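Chemist: For reference, the sequence and a predicted model appear below.
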Amino acid sequence: MEYRDIKYVYSRWTTYSGDEADCYSCSDKRLLDGLGMKMISEHTEEGMKRRIDRYIHQRPTMLKAVELERKATQEFYDNLEYKGD
């Protein structure tokens, strides 16, 4: 399946308890590259399309948030006095 040149798939499986489960998932690198995610999933196809739209439209903001989080994490570890574990 494809929406706005982004590929996604529909999967159906049986859970360990014998229940049927399904979802739409996307692991398209063009959509997720740089965001620290390998895959996104939704219960409905419309939900997947909305999520793809959001990731496309808000990509610059999301990339800035990821960079800020990485910098904050690095700052935390650079200033951490306890170096155990």
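Modeler: Yep, that arrived.
Chemist: I'd like to know which elements the longest helix seen in the chain is packed against.
Modeler: The helix that spans the most residues within the chain, counting by DSSP state H, is helix 59-78. For helix 59-78, there is no helix or strand it packs on, judged by 3 or more Cβ pairs under 8 Å, 6 or more residues apart in numbering; DSSP states H and E. For the C-beta atoms, the positions are set from N, CA and C on the backbone; glycine is no exception.
Chemist: Show me which positions of that helix end up buried.
Modeler: By neighbour count on 16 or more other Cβ atoms under 10 Å, the buried set for helix 59-78 is residue 62.
Chemist: Rounded mean pLDDT for it, please.
Modeler: The pLDDT scores in helix 59-78 average 95.
Chemist: need the strands for the protein, in chain order.
Modeler: 2-3, 6-7, 9-14, 20-26, 40-42 (DSSP state E).
Chemist: Distance to residue 78 for these - can I get that in TSV?
Modeler: Formatted as TSV, those follow (distance: least, Cβ to Cβ, whole Å):
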stretch	distance to residue 78
strand 2-3	41
strand 6-7	37
strand 9-14	41
strand 20-26	35
strand 40-42	31
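Chemist: Looking at the ones you listed, which is nearest to residue 34?
Modeler: strand 40-42 (14.0 Å; Cβ to Cβ).
Chemist: any residues touching that closest one, and which ones?
Modeler: By Cβ atoms under 8 Å, 6 or more residues apart in numbering, the surrounding residues in contact with strand 40-42 are 23, 24, 25, 26, 27, 32, 48, 50, 51, 55.
Chemist: Which of those are buried? Put it as a PyMOL command.
Modeler: Buried members of the contacts of strand 40-42, defined by 16+ other Cβ under 10 Å, are picked up in PyMOL with:
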select buried, resi 24+26+32+48+51+55
